[in-house]
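K.L.:
next one to model:
(5 chains)
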Amino acid sequence: MSEDRIALEVVGLTKTFGGLAALNGLDLRVREREIVSVIGPNGAGKSTLFNVITGLYEPDEGDVRLAGRSIVGLKPHQIVRLGIARTFQSVKLFPNMTILENAMVGQHCRSRAGVLGAIVRTPAVRREEARIRERARAALAFFGPRLVGYREEQPAFVLSYANRRRLEMARALATEPSVLLLDEPTAGMNPRETLEMRDNIVRMRDELGLTVLVIEHDMRVVKGVSDRVVACDYGRKIAEGSYEEVAHDEQVIEAYLGRRAVG
Amino acid sequence: MSVPLDAAAPAATADRRPVLELRGVSTHYGLVSVLRDVDMEIFPGEMVCLLGGNASGKTTTLRTILGYVQPSEGQVLLDGEVISGLPTVEIVRRGVSMVPENRRLFGSMTVRENLLLGAYLRTDRAAVEADLERVLETFPRVRERLGQKAGTLSGGEQQMVAMGRALMADPKVLLMDEPSMGLAPVLVEQVFEIIRSIRALGRTIFIVEQNANMALSIADRGYVIQTGQVVLADTAENLLRNPLMREAYLGEL
Amino acid sequence: MLGAVGGFAHGPHAEEGEPRSAAVTTTRVLAVRLRWYERVPWRRVVLVVLGVAIVAVVVVGTMKTLGLPEAQRYTGQNWINFVARGISQGAILAMIAIGYSLVYGILKMINFAHGEVFMAGAFSSLFFADAYARSGFLDRHPVAATLICVAVAVAASVLTAILLERLAYRPLRSAPRLVPLIAAVGASLFLQNAFRGFFGPQPRGYPRPQVLGGQLSILGVPFQRMQVLVFVVAALSIVALTFLVTRTKTGRSMRAVAEDREIASLMGIDVDRTIVVTFAIGGVFAGIAGVLYAMTFEQVQFTMGFRPGIAAFTAAVLGGIGSISGAALGGLLIGLLLNVGPALFLTGFGIPSPFSLRDAFVFLVLVLVLVFRPGGLLGTGEPEKV
Amino acid sequence: MLEGRSVVRALALLAVLSLVAASCAGGDGGDAGGGGGDGAIDCATVEFGCVEVGPDDPINIGTLLVISGADATLGQDSQNGVRLAVDYLDGAFDGQDGTLLDHPVKLTNEDDLCSAEGGQAGATALAADPTIVAVIGTSCSSAALGVADTILSEKGILLFSPSNTNPALTAEGTHQPFYARTAHNDRIQGAIVAEFALNELGGKSAATIADESPYTQGLTAAFEVNFEAGGGTITGSEQINSEDTDFTSVLESLKAGDPDVLYFPVFVAACSLIIKQARDIMPDVELVTSDGCLSSDTLKNAGDAVNGVFASSPDISVFQGDPFYADEFVPAYKEAFGTAPISVFHAHAFDAANVLFDAIEQVAIRNDDGSLSIPRQALRDAVFATEGYDGVTGTITCTELGDCATDVTIGIFEAPGWPVEGGTDEPAVYSDTKSLDEVL
Amino acid sequence: MTGQPMSSWIRAGLAAAATSIFLAAVGLIERFRDLNLVGEEVTFAGLVMAVVPFGVGYVLARPRIERGERREVPLPRAALVGAVAGIAAGLGFGAAAVAVDAFGVDRVRAVFLNVTEGLIELVTFGLPPVAGAGVLAVMSGALGALGGAYRRSPERWRRPLGTAVVAVLVLGFLQRIVPIALDQLNLERDWLYSRRTGGLTWPGAALAAVVAVLASVVKARLAERWRDLADRGGSEGAEPFGGLRLRTALFVAGLIGVAALPQVVGSVVSEVLGTVMVFALLGLGLNIVVGYAGLLDLGYVFFFATGAYTLALLTGATLNTFTGQAEPALSAELGFYLAIPIVIALAAATGLLIGAPVLRLRGDYLALVTLGLGEMVTVLVKSPWLTPLVGGPNGMRNVTDAALFGFGFRSPQHFYYLGLAFVLLALVVSHRLAASRIGRAWTAMREDEQIADAMGVNVVRYKLLAFAMGGAIGSLGGALFAVKIGSLTPASFEVIVSIQVLGLVILGGLGSLPGVVVGALVLVGLPGLLREFEEYRFLAYGAALVGIMALRPQGLVPNVRRMRELREEERAQDAWARASIAQEREDEEEYEEPPVEPAGGELRP
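P.N.:
I've put the predicted structure just below:
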């Protein structure tokens, strides 16, 4: 198992909105089974980076490669099928679908029943449906007992904030990704929940073998999960390395952390 | 998490009359109870923070004060007068002003227009001009941006405009809803710097925060609210020292 | 635990019995390949083809029309008349369009019943106009009589608009977008039939002061007086509205409410009142437009709001909804298109009775604008953000 | 288990099928009760049977007219005509309904919605009611064409229209046996108007405007055929939408062909607008319209512009001169309905109702207990045999194809001398009588 | 009740007065003064005049939610409130009548056509106007009090009473349907309906009321027993109606009932049912587009027209012409069953074609564009340009009657079976699609398009699929319509069809299959039965659309998820608050609590 293979590579990525460069020649490499944190002040282009990788935006310049193949120009749903899943900064669920259904939507890209199949309900389609259900349940079970059992049939909107985040992640896991992008996975969580989430992120790598790219503001989480940290500002990479290296980088302190946070 | 509530009233302010007071306020959304018998007092010149987790009732407290939600029991008083039951406009007119979560500027209007909208209800032009000048003195960077569309400002600048906009109403109480929400650490520091400078103007501030550490470091007193009930009320220092607080909100496990 | 999780960590096409291990995930990426046709941007292809086809039809049609033999060709005067009518009709459409635009700007909803607001104004003022015409007051004091009619029409339109807001839309303000739209469709149907019930289904003649009949020569080109009046009134009122919105406190409050209702109320702006004012302004314009329309065509009927309403909405979208100048521009363009388009583009193909297809034309434009430039001509045209 | 259920399903299917079969078999067994009259007709054996009217029951006449929607004035007006006919059964317009054969007459009103589905729904409802003797309707040709005429003819119920003018309804091959009308066939009117345009107006070229109703389609088609046959040229035919208000561009484009005459037999709303707009755009062109427009509303709505506009119509100078129409009928109409006649076919409806009543009187069998038996086929035959009936709209003689206004005198009136409320009531400037055989 | 001062009752009363005045002005009172419902005493006009004050009393006596609790209004107070509001309503209405009378009825009538002497006489009971207005006020007060009291009367009285009144009124309204059906069944009708008045006879009404009361009581008993049984044990054996055998029997009985229906109800009702089926098909198609995929389509008539005209052209229908009939410019002579697949395929393809360019539009823009497309079809079928193909305004005739082995389906009682077959087919297809991964993708897309895309749902494909499926089913509706009528004219394809179909889908409940059927029955069936109110049909439609949106946006038979969507967004705060609070508490208690009831299931305040 070569741990050094590059799972996701971003080369010279540039994206401007109305003259303002959200991304400005950003380079980034994520190795397989690595957790990389992206930090940086608001407006540094972190979310734009995620949006470009997942195909929501098309870059003005540069390339995004998944396992060496360019995925620029593909639609978001195609990119999911190729193995990149994500969560959103502000949790985005299908609030009126049940918890299980939310996860089952994640399995959509791994199933193929068509109109005729659905109408006639062939045995193959039924088997597939059962498989979708089983795998969605497995994804929910990753977060322990919180999302399973009787909760499966509850609409997503009844969930507490932390559980919404967990469900969003479970939905992403249900797409059977190889690369997972997490956008501020602990925002709005209390310290206890934050710590648990930190552990879960590590488990995703260790138990599921996922490659994880995470945007995070909480430096304790960044410290706890990251194999590597990349700091951005103005759409550019300003530092890269281990947590300790980046946290003590002058530029990073100046632009992002501030004096107090480091001390 | 039960702590005697009698530590709530700060001794130093016992003889003064509160600017803003919630007396036994309960709020319902339909059949669901959200706030239960909440008592709070904010005294002139004081900075009080309200802490609590998600959906603990923090936002509802603010909405109740502002009249978006009518308390089903209890009263909200401003300067000793009952304001609960009044429409929001009237409450704002009487001197309650809020800096909303996420700043929420009018992005397509200029910074100047934004600031002037803060003084929408005021008719004394001269005084408004004077206040505008004072706000610009407090935030010199905003002055440079006056003619710019508010949507084009950076996050920190936007926060200043949002604060300035609230100040333009010359309020008796300034409410702040999660000013540090979703900001980078360096910006959080900046924002609290701004809040300190507003405090220095002698304003009465009621701030709702998740970042308990930061909030308590600059506030006089704090209330902790959980599932719609006030569970802790004490001075900021005491709260910072309170072991339960430390575990639940200050992130020290 | 691990076993359970491993259950979803294998390939999409893997069979049930395949060995499951975490390691499979990393190689799976290569297993999924997109076929060539999945990389083709089909939507864009369709759009380009569609665009090219339409441009081709327009160009070829125009050329063919202009190249028709003398006997079948329109004269220069024909074209001037087409254009003059287009402009005056466009001016009326612009005034209706403003109502759509303002309401859309502030509530983000299509006030589908705005055409009926317009109809209400025109219809209600009929009874005054009719009485004045019979008593001779209309021709003795055309200005005063017309102003009274306008006042009545404005009052009726404003009342209708406010009632509409109060009874049909306000209770739905926080509902999902489709809900108020459907309510608006219902309200439109209701208003039409209510007026039909009140005043009967038959068309009624609407008198026009004699001074407004006949022609007026401007730069040697003869225009109908009515057309000139329509244009002047529309231009003046649009200028006035622009001033109101950009320069006054009311305007500022409207813009604030349009942008962020909740924060506006925090500023002490009475949101409900501002929305009512917006509807009322839309009503004022609809009322004025109603009288102009009625005097132009000298007839009112309960169905008169529907088609102008749709055309005006199209105009608002064409110009960029939410923008006053956009509504004006859009109105003019739609007016022109309705009056010139069929003759110019279709005659050449030998399509019989090209003007019977003019409504189809309006909708075609609507589709094209929305498809190619959803923000409208003066809008931003930016897609919505994530 | 599964098998058990499929047996049940099969049984259920069988049950359904047998029911269907039963309904087919039983469907055509006419159960129009055989009261058995004492006349020559035996209701039990005669085709379509008889309508039985109990001793105290009213005679039930259906109407199938458009009474809602945009065209409601048309149907409402006809319905008013029928109601007046009922009123007049006692020989006076007194607001008191008269009786027919000592029975009151009850109107069962259905709406044809001016559409095929309205025609079907209404005709089905009327056909299902065994007490319905005959039906006055439809208003709109589209409701009758292949729909109401077929449904009612299958049941042997007479459909007698006061306002369908579309030629296809009485054309060979498409005419349904129980369909008749007092409205004139467009072919005659179109021909006479064309003749007028060619000979009286001296027009060499003409343009036409139709709207989306079969009525105007029929008239313009008839006009065009006859005008060209007479040596004229048609320079343009446009079609408009009757709900539109701006016809200037249409007129402008017709003007390009430089016609001498513009023929636009559309309805009041569009017609008044066209008159006004055409006066501006083509002041030299002679404007000719037809009875769909010949209304006091047009005079009112179009104002001065209407002066000099020619309108064709059955020559109602017949009933103009007839004091009955002017002095009795119209005042009675106003008294009863609050307005002057709101459309054109009230008189045709009045005549249709009266012809029908006469026919009922002729064929009804009075039973001893005071009940009536009205044989359907005989009733139809009696109506179709009407000859020389002196109606308000002229002399009525029915052909085998159901056209009862056969020898139609079409008059052309020049505004403001239109024979309507508000007009100056001058005689027709041109008048001609043609029979269906004479026209194309 | 504490916060409800007298002035608010009076305001409600005046609103009721305004309603009455409105109803009078549009003609709903005077025009139906002779429409007898029961005897000669209960007329429709009287009913309208009585319903308004009664209704205001009823509404004012509704329970309120205060401090998180539902509070019932005490009975005497309910009656008082109703009386006050009723008197206000009567006074307002009466005052209007007096004012009109003083001003001169004729002068008012010059503007408001329906304000006649007769109306004033009716409203003032033929007394001098002022006295009449007084009587009106007193009667209104009494009715208002009755309304308030009725609302607060005990359930076991209220139910049977309400059922009886409704039953009598329904029979009264169906006076043109039921007697004919009785006739066709060779049953005596004169005991129930009077030939003279047209309406119910008094003995008939009394009998109907008694039957209704009995039925209501029996139903309540049964429901009670059912509850008891359900309470006693949740096991399979405890089913109130026995085991499988009984259920099978019921199923078969139901099936036979459905099959025999047209023979029982006669041709008129069958005809109405046929129309209901056509519209149910349209509704099922539109439901896929709007209910499942969340795309508001206001131009659904497009597919209706396409289906109808395509079928006509494929099966050798002819054009109506000036002098008879003619062959269309392009036609085939296929049989119905051969043509139908082609029609469907063509409609699906058209759906794709028009869907492709417009799919990226936001909801309300899409609504407008589709409205435009619907209008375009209307314009095109009328246009001279296409007259040689589809007959223009004259339309087409001789559409196939879909004969199967010589068994034609044109007549209403036969068409029922054809329609039923296709509706069932469409129901099955809709249901299966909804329950599949496709349905899930639609739901996800409807909830949040971009997120669905980001989660692997090809949004464009599924939108197009919705359009195609919706188009296919809609075109079936069109084809059946053509078979049913046999003639096609452009008047049948106006924009109002789109609105009607949308209305029925919404009334039933977006995304709900039973809802579509119920919606079609109510919005198409009911007007079909109450044809004398045709003139007011669209007035009622409009009011219904507004009312449903305000009071019950989830529809009559809601789809659970759509209901959540509509309610959750509507009261986002509410749902969030209750759910999160409940959840949070639960979380603290280490997930041991039983599940929390999700939002919904409680009346709106």
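K.L.:
and the nearest residue to D:L89 once chain neighbours are set aside, what's its pLDDT?
P.N.:
The shortest distance from D:L89 to any non-neighbouring residue, by CB to CB, 6 or more residues apart in numbering or on different chains, is to D:G98 (2.7 Å). All C-beta spots, glycine's among them, are computed from the backbone N, C-alpha and C. D:G98 carries a pLDDT score of 85 in this model.
K.L.:
got it, and the one 3 residues further on?
P.N.:
pLDDT for D:L101: 86.
K.L.:
how about E:G601?
P.N.:
At E:G601, pLDDT is 24.
K.L.:
equivalent analysis for C:R28, please.
P.N.:
The model's pLDDT for C:R28 equals 46.
K.L.:
show me the contacts for the residue in the stretch 301-440 of chain D that chain A sits nearest to.
P.N.:
Going by CB to the nearest CB, chain A is nearest to D:R376 of the stretch 301-440 of chain D, at 49.9 Å. Contact partners of D:R376, counting by CB atoms under 8 Å, 6 or more residues apart in numbering or on different chains, are D:E47, D:F48, D:G49, D:C50, D:V51, D:G156, D:I157, D:L158.
K.L.:
same thing but 10 Å
P.N.:
Counting by CB atoms under 10 Å, 6 or more residues apart in numbering or on different chains, D:R376 touches D:32, D:43, D:46-51, D:133-134, D:155-158, D:178, D:363.
K.L.:
need phi/psi at the residue nearest to D:L89.
P.N.:
phi -90, psi -180 (degrees, to the nearest 10).
K.L.:
returning to what we had before: how far away is the residue of the stretch 301-440 of chain D closest to chain A from chain C?
P.N.:
35 Å (CB to the nearest CB, to the nearest Å).
K.L.:
still on that earlier bit, pull out the buried members of the contacts of D:R376.
P.N.:
Among the contacts of D:R376, those buried by neighbour count (16 or more other CB atoms under 10 Å in any protein chain shown) are D:32, D:43, D:46, D:48-51, D:133-134, D:155-158, D:178, D:363.
K.L.:
report the central residue of chain A.
P.N.:
Among the residues of chain A, the one closest to the centroid is A:L181, at 1.9 Å (CA atoms, centre = their mean).
K.L.:
how far does stretch B:195-203 sit from the chain's center?
P.N.:
Centroid separation for stretch B:195-203 versus its chain: 13 Å, with CA atoms, centre = their mean, to the nearest Å.
K.L.:
buried ones in it?
P.N.:
Of the residues in stretch B:195-203, those buried (16+ other CB under 10 Å) are B:I195, B:I198, B:R199, B:R203.
K.L.:
and the gap between the last one and D:Q176?
P.N.:
From B:R203 over to D:Q176 the distance is 89 Å, taken as CB to CB, to the nearest Å.
K.L.:
report whether the helix or strand harbouring C:L318 contacts chain B.
P.N.:
Take DSSP states H and E as the rule and C:L318 turns out to sit in helix C:306-319. No. Under the criterion of CB under 10 Å from any CB of the partner chain, helix C:306-319 makes no contact with chain B; the nearest approach is 17.4 Å.
K.L.:
tell me the secondary structure at C:P180.
P.N.:
The local conformation at C:P180, judged by DSSP: H, G, I helix; E, B strand; the rest coil, is helix.
K.L.:
test my guess that it contacts C:R173.
P.N.:
Yes. Counting by CB atoms under 10 Å, C:P180 touches C:R173, with 7.5 Å between them.
K.L.:
ok, back up a step: which ones are touching the residue nearest to the centre of chain A?
P.N.:
Applying CB under 10 Å, 6+ apart, the residues near A:L181 are A:8, A:30, A:38, A:49-51, A:53-54, A:84-88, A:172, A:211-215.
K.L.:
from those residues, which are also near chain E?
P.N.:
A:F50, A:N51, A:T54, A:I84, A:A85, A:R86, A:T87, A:F88, A:A172.
K.L.:
burial count for the third one?
P.N.:
Residues within reach of A:T54, counting by other CB atoms under 10 Å in any protein chain shown, total 24.
K.L.:
ok, now how distant is it from C:G326?
P.N.:
For A:T54, the distance to C:G326 - CB to CB - is 34 Å.
K.L.:
what parts of chain C come near chain B?
P.N.:
C:249, C:252-253, C:255-260, C:262-273.
K.L.:
how is chain D partitioned into domains?
P.N.:
Under the assignment automatic domain parsing, the domains of chain D span D:3-184+D:319-406, D:187-315+D:409-439.
K.L.:
distance of the residue nearest to D:L89 relative to D:L379?
P.N.:
Applying CB to CB to D:G98 and D:L379 gives a distance of 19 Å.
K.L.:
quick one, which of these two is more surrounded?
P.N.:
Between D:G98 and D:L379, counted using other CB under 10 Å, the more crowded position is D:L379 (25 against 16).
K.L.:
go through whichever helix or strand the more buried one is part of and flag the buried ones.
P.N.:
Secondary structure from DSSP H and E places D:L379 in helix D:376-384. Going by neighbour count (16+ other CB under 10 Å), the buried part of helix D:376-384 is D:R376, D:Q377, D:A378, D:L379, D:R380, D:A382, D:V383, D:F384.
K.L.:
related to what we said a few turns ago, now the residue nearest to the centre of chain A: how far from B:R94?
P.N.:
48 Å.
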